[in-house]
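Colleague: okay, predicted coordinates and the sequence, questions at the end:
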Amino acid sequence: TVERFLDQILKYEIHPIKDVPPIINAILIKALKPSPDDRYQTAVGMKHDIKIAQENINSVKNSAFILGENDDIAAVNQKKHFIAREYEISLLQKGENKLCKGIPSSFLFYGNSGIGKSYIVNEFKLHTNERKITFISLKCNRFTPAHPYSIFRLIMLEFISKLLSSTTPISIKQFKFILNNELLEFSGLICKTIPELKEFFIEIKDIDQVVKEKERDRIIRVFTGLLTTLGENVSLIIFIDDIQWIDQTSFEILKNILEFAPKNMFIFNFRTKSIEEDLYLYGNDLRSMKIEKMIPVQGFTRNEIHDLIFSRFGNINGIETLINILSSKTDGSPFVLAEAIRFLTQNEILKKGVKGWYFKKSELSNLPDKFDTVSLILNKLNLLKEDEKRYLIISSIVEGKFKNVLIEKLADFDSKKAKSISFKLEKLGFLVRQ
């Protein structure tokens, strides 16, 4: 039958090709394995093996080369498993449900850098109903406070972009009608700050002159009206990341909007040094503002770290020791955990064997005190021998991307030694070989 024929094809093992070097045959056979789990999991891993094959094409034995080893490491570090934030996600999902019923909501997540605030919101965004809801996300930075209205302007520009690409629940014609019906009187003031809106108004009104002291209040009132009007006609989720760096005028507009409670859903991320830190912005206590939920985001617990490791590696020989180390050296920070896992796999402290992944307890003394970025870099540098450091210094002069032959001449290394050092430095993440 057709089913049996297809089943035989799927189970058919590829045989080596005659007159093709063994190392090339090994790569081809792995890439064409019947089971997807036995094939290369990443393009990075396959590219790495092909590069090694090119360098060793005429070698009869390649004992130092383990097929697919780099692929295993790359695949593990690319895996994204969302765990341990069910409560935070459920809050946002309730907010979305309220928004669909025309009820406003607002949330502020706060915690230190790398704790996973943005990851929570991005995971939530993946499951929003894009046919009914327009999701606008933007990020403040250290330069934002110097640019008045910048965040509010970015909100409108992203909405226009979505409108023009037909990914909003309303059409361009409907948007024009809303603007001209509700806000034509203020078109001059609006377009002065957001000139991209000119094409949506039927005419641009003159701006009435007011005393300088009242100009800012008028702008805040008009832009509050603009976003409020938009919220009355479109189900908007507005996410502002790193709101601690918002410009003051945009902050005053948002504060006004929250007072009016338009039919929008707002999500804010606020970076703090600790969850006990006061939440103040331009002299305003954020806890006293009309933000519905203030949610502290803390590091993963030991059990949550266990779930994360199991989701990536399955059962690991020595997993309890590994969890204890990760718990104490990362403080449960998702970002630091990712860096720690990358460090452990790249340095073969966490290694895949025939029976699966295992943790090399003999390497405990070589681990840094903490797995933060600075400690990891210093630790890797301390592991280098003098000639490897010299190689690294010279390679940095040529921007870390080069051919071995150049370093051989500059450092007076023989070809074999240069190749060995460059392979180690690339594995540690210091450089990229050509």
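Modeller: Cool, got the structure.

Colleague: max-length helix in this protein?
Modeller: Secondary structure of the chain per DSSP state H: the longest helix is helix 212-233.

Colleague: work out the gap between the following helix or strand past it and the centre of the chain.
Modeller: Downstream of helix 212-233, the first helix or strand assigned by DSSP states H and E is strand 236-241. Here strand 236-241 is found 17 Å from its chain centre; the criterion is C-alpha atoms, centre = their mean, to the nearest Å.

Colleague: what does strand 236-241 rub up against?
Modeller: The contact list for strand 236-241, computed with C-beta atoms under 8 Å, 6 or more residues apart in numbering, reads 96, 99, 117-118, 121, 125, 128, 133-140, 151, 155, 159, 230, 246, 254, 264-269. Heads up, the C-betas are built off the backbone N, CA and C, glycines and all.

Colleague: filter these down to the ones in strands?
Modeller: Judged by DSSP state E, strands contain the following of those: 134-139, 264-269.

Colleague: return the item of those residues having minimum pLDDT.
Modeller: Within those, Asn264 has the lowest pLDDT, namely 88.

Colleague: and the closest residue to that one other than its chain neighbours, what does it touch?
Modeller: Among residues not flanking Asn264 along the chain, Gly231 sits closest, at 4.1 Å (C-beta to C-beta, 6 or more residues apart in numbering). Counting by C-beta under 8 Å, 6+ apart, Gly231 makes contact with 104, 262-264.

Colleague: only the buried subset of the residues you listed, as a PyMOL command please.
Modeller: The PyMOL command for the buried members of the contacts of Gly231 (criterion: 16 or more other C-beta atoms under 10 Å) is given here:
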select buried, resi 104+262+263+264
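
Colleague: and the helices in the stretch 101-250 of the chain?
Modeller: 117-125, 150-164, 172-182, 187-193, 212-233, 248-260 (DSSP state H, counting those that start in this stretch).

Colleague: got the ones you listed as CSV, with distance to Ile50 and mean pLDDT columns?
Modeller: Listed next are these as CSV, based on distance: least, C-beta to C-beta, whole Å; pLDDT from 0 to 100:
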stretch, distance to Ile50, mean pLDDT
helix 117-125, 33, 92
helix 150-164, 40, 89
helix 172-182, 49, 92
helix 187-193, 53, 90
helix 212-233, 52, 83
helix 248-260, 50, 87
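
Colleague: mind checking which of these is nearest Asn382?
Modeller: helix 117-125 (31.2 Å; C-beta to C-beta).

Colleague: ok, back up a step: buried ones from the ones in strands among the contacts of strand 236-241, can you make that a PyMOL selection?
Modeller: Listed next is the PyMOL selection for buried residues among the ones in strands among the contacts of strand 236-241, using 16+ other C-beta under 10 Å:
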select buried, resi 134+135+136+137+138+264+265+266+267+268+269
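
Colleague: adding distance to Arg216, write the ones in strands among the contacts of strand 236-241 out as JSON lines.
Modeller: Below are the ones in strands among the contacts of strand 236-241 laid out as JSON lines (distance: C-beta to C-beta, whole Å):
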{"residue": "Thr134", "distance to Arg216": "28"}
{"residue": "Phe135", "distance to Arg216": "30"}
{"residue": "Ile136", "distance to Arg216": "24"}
{"residue": "Ser137", "distance to Arg216": "27"}
{"residue": "Leu138", "distance to Arg216": "22"}
{"residue": "Lys139", "distance to Arg216": "25"}
{"residue": "Asn264", "distance to Arg216": "23"}
{"residue": "Met265", "distance to Arg216": "27"}
{"residue": "Phe266", "distance to Arg216": "22"}
{"residue": "Ile267", "distance to Arg216": "26"}
{"residue": "Phe268", "distance to Arg216": "22"}
{"residue": "Asn269", "distance to Arg216": "26"}
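
Colleague: hmm, back to that, and the helices of the stretch 101-250 of the chain: which comes nearest Tyr391?
Modeller: Nearest to Tyr391, of all the helices of the stretch 101-250 of the chain, is helix 117-125, at 36.7 Å by C-beta to C-beta.

Colleague: packing partners for that closest one?
Modeller: helix 86-100, strand 105-111, strand 134-139, strand 236-241, strand 264-271 (3 or more C-beta pairs under 8 Å, 6 or more residues apart in numbering; DSSP states H and E).

Colleague: residues making contact with it?
Modeller: So helix 117-125 is in contact with 82, 85, 88-89, 92-93, 96, 109-111, 135, 137, 239, 241, 267, 269, 271, 297, 334, going by C-beta under 8 Å, 6+ apart.

Colleague: how does it look with 10 Å?
Modeller: Under the criterion C-beta atoms under 10 Å, 6 or more residues apart in numbering, residues 80, 82, 85, 87-93, 95-96, 107-111, 116, 133, 135, 137, 139, 237, 239, 241-242, 267-271, 295, 297, 334-335 lie in contact with helix 117-125.

Colleague: gap between that helix and the chain center?
Modeller: On C-alpha atoms, centre = their mean, the centre of helix 117-125 falls 10 Å from that of its chain.

Colleague: quick check: angle from that helix to strand 134-139?
Modeller: 170 degrees (axes from the mean of the first three to the mean of the last three C-alpha atoms, to 10 degrees).

Colleague: quick one: low-confidence parts of the stretch 1-150 of the chain?
Modeller: 1-13, 58-65, 73, 75-83 (pLDDT under 70).

Colleague: same list, the helices and strands packed on helix 117-125, but as CSV with distance to Ile190 please.
Modeller: Below are the helices and strands packed on helix 117-125 laid out as CSV (distance: least, C-beta to C-beta, whole Å):
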stretch, distance to Ile190
helix 86-100, 25
strand 105-111, 24
strand 134-139, 17
strand 236-241, 17
strand 264-271, 18
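
Colleague: Ile291 is nearest to which of the ones you listed?
Modeller: When those are compared by C-beta to C-beta, strand 105-111 sits nearest Ile291, at 4.7 Å.
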